[in-house]
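Chemist: return atomic coordinates for the entry below.
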Amino acid sequence: MRIPARYRYFLEFGACMAAYIIALIASISVLNTIDGGPAFRIILSLLPMLPGIAICWVVLRQLRRMDEMQRRMQFEALGLAFAATAVVTFSYGFLEGVGFPKMSMFVIWPVMATFWIIGTIASHLRYR
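Modeler: Just a heads-up that it's a prediction; the model follows:
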């Protein structure tokens, strides 16, 4: 029995996210309990990025499985996400120059994901 592409994506993405969460929890736990050298701590800090790379691969595979119209809609959504994230992050960077608190790099992905969702909704409304 062949699994439809949509479900295959959710299975692959879910498995990679589970691996990411496990790696993240393990990394944080070990970093908080074991006092290793700098190289060990750097490698352990980056451990969750291995499943993160797999997530990128899964998303790219899903984009390649889409038909031309779906791909076009995602292209527009990602274009909006890229440009709007640049505007927001540069704006905040200028505000940091006048005393606003420094913001963590971890904020960038949720900002981009929010704009990607907005762009996807806008594309669906435009092409329905």
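
Chemist: which residues touch stretch 8-19?
Modeler: 3, 50-51, 54-55, 58-59, 61-62, 65 (Cβ atoms under 8 Å, 6 or more residues apart in numbering). Heads up, the C-betas are built off the backbone N, CA and C, glycines and all.

Chemist: which strand or helix spans the most centrally placed residue in the chain?
Modeler: Centroid-nearest residue in the chain: Trp109, 5.6 Å away (criterion: Cα atoms, centre = their mean). Element membership of Trp109, judged by DSSP states H and E, is helix 108-127.

Chemist: buried ones in that helix, by neighbour count?
Modeler: Across helix 108-127, burial judged by 16 or more other Cβ atoms under 10 Å covers 111-112, 115-116, 119-120, 123.

Chemist: for the record, mean pLDDT for that helix?
Modeler: The average pLDDT within helix 108-127 is 96.

Chemist: swap in stretch 13-21?
Modeler: 97.

Chemist: which of the residues in that stretch are buried?
Modeler: Going by 16+ other Cβ under 10 Å, stretch 13-21 has these buried residues: 13, 16, 19-20.

Chemist: closest to Gly79 out of those?
Modeler: Phe13 (21.9 Å; Cβ to Cβ).

Chemist: please tell me how far the closest one sits from Asp67.
Modeler: Distance of Phe13 to Asp67, computed by Cβ to Cβ, to the nearest Å: 19 Å.

Chemist: all helices of the protein, in order?
Modeler: Remark: helices assigned in the chain by DSSP state H are 5-33, 38-46, 49-65, 68-96, 108-127.

Chemist: can I get the ones you listed in CSV including distance to Lys102?
Modeler: Below are those laid out as CSV (distance: least, Cβ to Cβ, whole Å):
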stretch, distance to Lys102
helix 5-33, 22
helix 38-46, 19
helix 49-65, 22
helix 68-96, 6
helix 108-127, 13
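
Chemist: give me phi/psi at Leu47?
Modeler: Here is the backbone geometry of Leu47 (degrees, to the nearest 10): phi -50, psi -40.
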